[in-house]
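Participant: model the following, please.
(2 chains)
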Amino acid sequence: MNDLSASSRITYGAVPVQPAVVRRIRGLSDKALAWLFITPTIVLLLAINIFPLVWTIYLSFTNYRANRANAPVRWLGIDWYQTILTDPDIWAAMQVTAHFVFWTVVIETVLGFGLAFLIDKKFRGHGAWTTIILLPMMLSPAVVGNFWTFLYQPQIGLFNYVVAFLTGRSASSFQMLGDVTLSPWAIVIVDAWMWTPYVMLICLAGLRSIPDYIYEAAEVDRASKWRQFWSITLPMALPFIMLAVLFRGIENFKMFDMVNLLTGGGPGSTTEVASITLKRAAFESWRTGYSSAFAIILFVTVFGLANIYVKALNRVKSR
Amino acid sequence: MSIANTAHSVVEPSPGTRRLAGSLVVLYAVITMIPLVWIVLTSFKSPDDAISYPPKIVFTPSLEGFCNLFTTRSRQTPEFIQTLGPSQGLCDEIARSRNMVVAGPSNYVPRFVNSLIIAFGSTVLAVALGTLAAYGFSRFRVPLKDDLLFFILSTRMMPPIAVAIPIYLMYRTVGLSDTRLGMILLYTSVNVSLAVWLLKGFIDEIPREYEEAAMIDGYTRFQAFVKVVLPQATTGIAATAIFCLIFAWNEYAFAVLLTSGNAQTAPPFIPIIIGEGGQDWPAVAAGTTLFLVPIVVFTVLLRKHLLRGITFGAVRK
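Facilitator: A predicted model of the protein is given here:
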């Protein structure tokens, strides 16, 4: 951390005849430059992120409605927060979100780690296949999610056809997106298809960070492969797995794109995750005050998760 | 997992293990590619082939999907169509065979152009701001550095819908609703956090001695930054730019809530391409294919840096 003094010392040493004033200006200009470089980013974030956030907090205490901008604004205190936290519909949405987050994270972690474990065996052509596997996660969740509605069509969809082919059921006997029990799984499947590669990539980095000599020592001690996996591979890759889990958890907690296009929250509200509820309240019923309060509640939840995330991140970094 | 240890090394997997691992991974890759292959296939199908049962893998390729993507058509009586002169081009011919005439261009091209302008505009801004800030954080002693960095990252954690509510009101007040400038600023603010974190990692890796040597030679700090650090960071800047570009290109939530006409990008537009009697799947598939091609190219270019990008520079290799 003594980089600044180090660099100025060198400058000083190299130009011994430099007058003190010039040295001071140069020292100052480092500091000025630092602020000159950092300020634009901070200003942009203050204007586009923090100011609106403060505004949201204000609105969450009022009965403001964006579609009636000229109506008098009344101060409601914490009414909305009480309403939301005791509203069974909100808790239902939170449950739908929890179901979605839990199952996507479990499936993606198991599949992702498994794939990483296999790719780490370094078979021929593993680089090219890895790139192919990574493709889905780079694509637009909205545009690709939208196309899955076609794959899920009851009579003509490829997904239904394949399931029918494999199980012998009729392809039009089930509706992935229209059925109350199936639709939550329909969105889990698309999310797992898209984001398993993400977990795989992070796990692969974890597996590759384990030095060979540990396995060599284990071999000398005649530890079985099974034992090596549980005592070396898994514990040493764990911080990476945690990182992937937390990142997927946060991202899926916020999930909007794919669900909006696949089911729009339906049928009924069986796939109505928190972001969909928020969108309906804010941009369909225009209950701006109410939705602001809900937005703040979601913020706080995500921030809690984000804090844990950054701590885990630092732990991985310090390895 | 592995069957037997080979003679040459105790940690090298045996050929059998490798073959097994390889075939399982290839199997997964093939399954995961099916939806993408299906998009491309569907874009070359005629509407009838696209919705046939069982799904057709072998079909006569047709450009109708692409024609329908780029044009709007109106239905006419066969008598009227016969009064028209010779058809102009392939799309006109296809339309006439369905008792329709091409009425004009569709909105796909303007939406695609919006996507290009907004993605490139926000990327240039985010990378420029991010490079400066990353250099500042990397080289100078900034008070509350860790807090500022966390603040920058945390803005990325906000649920987009929650951000969209006040942005909608704010943009309405200052007249940025449904403008490209508004979307560029918004995407810049989202991408700048990624840019700062990624670029700080890349710049941290450039030895300070280079700049110090340049400054001994009489460069000012700023000159050293421009002439020594920037050239060294080119790869990192390029990788960061591609990540920003991909985010802005793929973004949907803000676009669907905050744009309606003027500044609408392709992602909210593609799902609402409809033909007569519901979604025109070949046209949707054609629009999707054209939209995805640049990302596939970028992913291949970026494969060495993907890990870094998706973890905000936390995991490097």
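Participant: spatially central residue for chain A, please.
Facilitator: Central residue of chain A (C-alpha atoms, centre = their mean): A:Glu251, 2.2 Å from the mean position.
Participant: and stretch A:205-220, C-alpha only, in PDB?
Facilitator: Backbone C-alpha positions of stretch A:205-220 (Å, rounded to 0.1, in the frame of the first residue of the first chain) are rendered in PDB as follows:
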ATOM      1  CA  ALA A 205     -11.400 -23.000 -11.900                       C
ATOM      2  CA  GLY A 206     -11.700 -24.400  -8.400                       C
ATOM      3  CA  LEU A 207     -10.700 -27.900  -9.500                       C
ATOM      4  CA  ARG A 208      -7.700 -26.600 -11.500                       C
ATOM      5  CA  SER A 209      -6.500 -24.600  -8.500                       C
ATOM      6  CA  ILE A 210      -5.800 -27.800  -6.600                       C
ATOM      7  CA  PRO A 211      -2.100 -28.600  -7.000                       C
ATOM      8  CA  ASP A 212      -1.100 -32.100  -8.200                       C
ATOM      9  CA  TYR A 213       1.300 -32.700  -5.300                       C
ATOM     10  CA  ILE A 214      -1.600 -33.100  -2.900                       C
ATOM     11  CA  TYR A 215      -3.000 -35.900  -4.900                       C
ATOM     12  CA  GLU A 216       0.500 -37.400  -5.200                       C
ATOM     13  CA  ALA A 217       0.900 -37.300  -1.500                       C
ATOM     14  CA  ALA A 218      -2.600 -39.000  -1.100                       C
ATOM     15  CA  GLU A 219      -1.500 -41.700  -3.500                       C
ATOM     16  CA  VAL A 220       1.600 -42.300  -1.500                       C
END
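Participant: other residues contacting that stretch?
Facilitator: Identification of contacts with stretch A:205-220 by C-beta atoms under 8 Å, 6 or more residues apart in numbering or on different chains yields A:116-117, A:120, A:227-228, A:231-233, A:236-241, A:319, B:5, B:10-11, B:307, B:315, B:317. Bear in mind the C-beta positions are built from the backbone N, C-alpha and C, glycine included.
Participant: of those, which belong to helices?
Facilitator: Taking DSSP state H as the definition of helices, the contacts of stretch A:205-220 contribute A:Ala116, A:Phe117, A:Arg227, A:Gln228, A:Met236, A:Ala237, A:Leu238, A:Pro239, A:Phe240, A:Ile241, B:Leu307.
Participant: just the buried residues from those, in PyMOL please.
Facilitator: This is how PyMOL selects the buried members of these, with burial counted by 16 or more other C-beta atoms under 10 Å in any protein chain shown:
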select buried, (chain A and resi 116+117+228+236+237+239+240+241) or (chain B and resi 307)
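Participant: need the contact list for the residue nearest to the centre of chain A.
Facilitator: Residues in contact with A:Glu251 (C-beta under 8 Å, 6+ apart) are A:Trp195.
Participant: sorry, back to before: show me the two of the ones in helices among the contacts of stretch A:205-220 that sit farthest apart.
Facilitator: Taking C-beta to C-beta as the measure, these span a maximum distance of 28.9 Å, between A:Arg227 and B:Leu307.
Participant: returning to that earlier point: Three-state assignment for the residue nearest to the centre of chain A, please.
Facilitator: The three-state assignment at A:Glu251 reads helix, by DSSP: H, G, I helix; E, B strand; the rest coil.
Participant: now the helices: where do they sit in the stretch 151-300 of chain B?
Facilitator: Along the stretch 151-300 of chain B, counting by DSSP state H, counting those that start in this stretch, helices occupy B:160-174, B:180-204, B:208-216, B:221-224, B:230-232, B:234-250, B:253-258, B:266-269, B:281-302.
Participant: which secondary structure elements does the second one sit against?
Facilitator: Taking 3 or more C-beta pairs under 8 Å, 6 or more residues apart in numbering or on different chains; DSSP states H and E as contact, the helices and strands that helix B:180-204 lies on are helix A:20-45, helix B:108-139, helix B:145-154, helix B:234-250, helix B:253-258, helix B:306-310.
Participant: related to what we said a few turns ago, which of the ones in helices among the contacts of stretch A:205-220 sits closest to B:Gly85?
Facilitator: Within those, proximity to B:Gly85 (C-beta to C-beta) peaks at B:Leu307, which comes in at 58.7 Å.
Participant: just give me the neighbour total for B:Ile31.
Facilitator: Using other C-beta atoms under 10 Å in any protein chain shown as the criterion, B:Ile31 is surrounded by 11 other residues.
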